[in-house]
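1. Here is my input; please provide its structure:
(one chain, ligands or ions: 1)
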Amino acid sequence: MEPNMAKMEGLVRELLLELGEDVNREGLVKTPERVAKALKFLTQGYRADVRTVINQALFTQTTAGMVIIKDIELYSLCEHHMLPFYGRCHIGYIPSGQVFGVSKLARLVDVFARRLQLQERLTEQISQVVMDEIGAKGVGVMIEARHLCMMMRGVEKQNSLMVTSSVLGVFREHLATREEFLNLVARRGP
Ligand SMILES: [Zn+2]
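-> Numbering: from 1, shown residues only. From the prediction side, this is the model:
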């Protein structure tokens with residue numbers, strides 16, 4: 001369902017008033033409209049159809065090796081504070097007949113990142129959808145991210161990087177496969 005923009009703008013205006021702001025001053029007049037638009041954009045993952053994204057992205061390919069896509073840019077909002085967390089997502093999988101187009105895999109990450117999220121859940125949702133929808137033999141997803149709710153509010157946490165991973169199928173069952181994934185992800189490219 002599409003959010004009611006007029007209602008969202010009204011709520012942002014109320015929030016500004018409650019913060020002690022003058023909502024009529026020049027810099028703030030259009031802020032409710034801008035915030036509402038930004039929030040709609042940043043949560044568009046709720047309204048995206050994962051299947052549509054995936055169906056346009058699959059290619060038949062008989063390869064037995066591991067496919068790794070590293071450093072997919074990631075921007076999301078933490079569900080506890082509605083503040084951004086951002087970083088990189090690495091995805092590895094062993095296909096069984098089908099592979100993803102690289103740019104579409106980034107789109108898939110956005111579908112889940114553009115919601116209110118927990119980094120752990122985001123990691124799991126991405127691995128699960130790759131596993132289920134392309135019937136991969138195994139999947140590994142790692143996300144490295146910095147959380148503004150920690151960096152801006154806390155002390156001594158400005159440089160903390162949160163790392164989460166999720167492994168399924170052969171990545172979970174075979175230590176060697178999991179290690180191959182982690183080594184390839186850790187290796188810095190050209
Ligand atoms: Zn937070």
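
2. make it CA atoms for all contacts and neighbour counts henceforth
-> Noted.

3. what's the weakest-modelled helix or strand in this protein?
-> Lowest on mean pLDDT, DSSP states H and E among the helices and strands of the chain sits strand 58-60, with a mean of 79.

4. List the buried residues for that one?
-> residue 58 (16 or more other Cα atoms under 10 Å).

5. other SSEs contacting it?
-> strand 98-100 (3 or more Cα pairs under 8 Å, 6 or more residues apart in numbering; DSSP states H and E).

6. who does the strand it packs on pair up with?
-> strand 58-60 (antiparallel) (DSSP bridges).

7. Up against the ion, what does this protein have?
-> Residues of the chain that fall close to the ion, judged by Cα under 5 Å from the ion: 78, 80, 81, 149.

8. one step back: contacts for the least confident helix or strand of the chain, please.
-> With Cα atoms under 8 Å, 6 or more residues apart in numbering as the test, strand 58-60 has contacts from 97, 98, 99, 100, 101, 134.

9. do that again at 10 Å, thanks
-> 95, 96, 97, 98, 99, 100, 101, 102, 104, 105, 133, 134 (Cα atoms under 10 Å, 6 or more residues apart in numbering).

10. between these, which is nearest the ion?
-> For the contacts of strand 58-60, the minimum distance to the ion (Cα to the ion) is 25.6 Å, reached by residue 105.

11. how many neighbours does the closest residue to residue 165 other than its chain neighbours have?
-> Spatial nearest neighbour of residue 165, excluding adjacent residues (Cα to Cα, 6 or more residues apart in numbering): residue 142 at 4.3 Å. Per other Cα atoms under 10 Å, the neighbour tally for residue 142 reads 25.

12. Name whatever forms a beta bridge with residue 142.
-> residue 90, residue 165.
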